[in-house]
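Visitor: Provided below are the primary sequence and the corresponding predicted coordinates.
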Amino acid sequence: LHCTHPFATKNSLDIFLTDLGLRGRARSIIGEIPKEKILKIVFESPYSLIENVSGIGFRTADEIAIRLGVKRESINRTIAGIEFAMSNAAQRDGHCGMPLRMLIKKTSELLGTDEPTVEAIIHDGHASGFLSMESSEEEKFCFLSKLHSWETGILDKIKLFTKSEPALNKSDIAKALSKLDGEFDFPLSETQKIAIQSSFDSNFSVITGGPGVGKTTIIKGLVRTLKEAKINFALCAPTGRAAKRLGESSEEEALTIHRLLEFLPGSSFQKNSKNLLKQNALICDESSMIDVELMYALFDALDPGTTIILIGDIDQLPPVGPGQPFRDIINSGIVNINYLQENFRQNTNSGIVHAAVKVNSGHFPEVGTDINTDDFHVISRTGSANIISGVKEFLEKLPGLRGGKYNSFTDVQILTPMNKGDLGTSNLNT
C-alpha cells in the first residue's frame, strides 16, 4: 500500500481517520503525531498502530488494515496476529513464551483463520524477525525474541558469576564476620548467621522468606560485615518505596535499580557491559518484583567477580513486567539459596503465621474462635452497609479486649482494594 492522499488540512485527515473507524480519543492521540508519519504508518504498516498509538488494539488495527485492502488470508495479517498473541501474553499475563500449539490456537482464534495456515507461516520462518523457538522433550515453545534473549542472558550471566574468582578478600570477610555478634543488641539466630555467612561463600546468593523471618536484620548484618571489611558495595531495590525502606533499615544509601544503572529516559541504561558498576558487592532487596528486562540490565552492568545477594519473598506477587526471574533462579537450584522459615514477628502458635502458610499452599485458613486470645479472625458480612457496620462494631469492642492493649484510632489499619465506592478508601477515611 502506498500513501497517495494529500490531506491538506487537519480536518480532512480527521475525517479520513473517522472513516477508518477510529474514535475520538484515538484520533486526538494521533493528532499529536506528525501527519506524514501517521499516514505512512496507516498505509504502509497499519498493524504498527498498536505500538505507536495508545488505545489502539489488534481489533481496531485489523479493521483499518482490512478497510485499506489487506486480505484476511494475507501473510502480513497472520504475522501481525502471531506477534500480537505473543505480546498480549507477555503484557497481560507476564509470560515470556508459550507452547507452539497454544500460540497457533490463540492466533487462529484471533484472526478467525484455520490453524494449519498459522502453523505453516511459523514453520516457514515468516515470524522469525520477532519469534524464537526452543524444544523441550517432545514439545516446542515460542518466545518473543527480545524476552528470550534477556532470559538466556540472565542464565549466562549467572553461570559466569558462579564460575568467576570473587573480588572480595576472604580473610577480610572472615574477620568481619567474627565481629558480627557484637554489632547487635540481641543475639542473631543460627539461621540468620548461616544466611549472612553463606552469602559470602560464593559470588551469587539468594535469601528468601516470608514476612517476619528476619530479612531486614540479615540485610543489616550483611551491610555491617561489608563495612567492617571495607568493601565497596551498593544497595538497590526495584521501586522507589522499596529503596527508601531499604535505606532507612540499613542506615546506608539505597538506590532504585534504574538510578543505580543511570537510566536516561528515552535512551537506555548508562551502566552496562561496556561501562560496569565499580562496586565489589551488591545487595538487592524486593527482588521478586524484578522483571526479566531489568534483571538482565542489572546483571549486565556487574563485573563477573562481584558478590551478588538477591533478597526477597518468593510468594510475593510477580513483577508487573514479563517473567519472574527471581522465582526461576530459586527453582533452578544452581545458586546458593537460604530459605528463612523461623518467624520473629509472631510467636510459633500465632494464627497469623498458620493462616499465611495455609493461604500460600492454596487452602482456606483456620479461623480463631476466641477474639480475646486468638490473633486471626474472619468477620463474614455481605453488603457494603453490613461490612461497614461490622468494622464499626469491631472498633468499638477493641479497647475492651486484651486488657485494653489496643487503641482503635492508633493501632488499627484498614485495607481495601479500591479507592471509590462505599468500601473505598475515600469513604472509609471520612
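Guide: Noted; the coordinates are in hand.
Visitor: excluding its backbone neighbours, what's nearest the residue positioned nearest the centre of the chain?
Guide: The centroid of the chain falls nearest to P319 when counting by Cα atoms, centre = their mean (1.3 Å). Closest residue to P319 apart from its sequence neighbours, by Cβ to Cβ, 6 or more residues apart in numbering: D291 at 3.9 Å. Just so you know, the C-beta spots here come from the backbone N, C-alpha and C atoms, and that holds for glycine as well.
Visitor: where does the nearest residue to V335 once chain neighbours are set aside sit relative to D374, distance-wise?
Guide: Among residues not flanking V335 along the chain, F204 sits closest, at 4.8 Å (Cβ to Cβ, 6+ apart). The spacing between F204 and D374, counted by Cβ to Cβ, to the nearest Å, is 42 Å.
Visitor: more neighbours: which of these two?
Guide: F204 (24 against 15; other Cβ atoms under 10 Å).
Visitor: which residues are in contact with the residue nearest to P319?
Guide: 94, 319-325 (Cβ atoms under 8 Å, 6 or more residues apart in numbering).
Visitor: which regions of the protein sit below the pLDDT cut-off?
Guide: 1-11, 13, 24, 31, 346-348 (pLDDT under 70).
Visitor: could you rerun that using 50?
Guide: 1-3, 7-8 (pLDDT under 50).
Visitor: what's the burial count for V335?
Guide: As a burial measure, V335 scores 18 neighbours (other Cβ under 10 Å).
Visitor: I figured it hits V206, correct?
Guide: Yes - V335 is in contact with V206 according to Cβ atoms under 8 Å; the separation is 5.9 Å.
Visitor: what touches both of these two?
Guide: Residues touching both V335 and V206 by Cβ under 8 Å, 6+ apart: I329.
Visitor: span of stretch 100-120 from start to end?
Guide: 12 Å (Cα to Cα, to the nearest Å).
Visitor: mind listing what the residue nearest to S384 when sequence neighbours are not counted touches?
Guide: Nearest residue to S384, sequence neighbours excluded (Cβ to Cβ, 6+ apart): D422, at 3.8 Å. By Cβ under 8 Å, 6+ apart, D422 lies in contact with 384-385, 388.
Visitor: what subset of these is buried?
Guide: The neighbour-count test (16 or more other Cβ atoms under 10 Å) marks none of these as buried.
Visitor: among those, which ones are in helices?
Guide: 384-385, 388 (DSSP state H).
Visitor: how about those in JSON lines, adding distance to A242?
Guide: Shown next, in JSON lines, are these (distance: Cβ to Cβ, whole Å):
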{"residue": "S384", "distance to A242": "33"}
{"residue": "A385", "distance to A242": "37"}
{"residue": "I388", "distance to A242": "32"}
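Visitor: out of the residues you listed, which one sits closest to S198?
Guide: Of all those, I388 has the smallest distance to S198: 49.6 Å, by Cβ to Cβ.
Visitor: look up how far G210 lies from that closest one.
Guide: Taking Cβ to Cβ, one finds I388 at 31 Å from G210.
Visitor: how about the CA coordinates for stretch 166-173, as CSV?
Guide: Output of stretch 166-173 as CSV, limited to C-alpha atoms (Å, rounded to 0.1, in the frame of the first residue of the first chain):
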residue,chain,number,x,y,z
PRO,A,166,35.4,-13.4,43.7
ALA,A,167,36.6,-9.8,44.1
LEU,A,168,36.2,-9.9,47.9
ASN,A,169,39.1,-10.7,50.2
LYS,A,170,38.0,-13.9,52.1
SER,A,171,40.3,-13.1,55.0
ASP,A,172,38.8,-9.6,55.5
ILE,A,173,35.3,-11.0,55.3
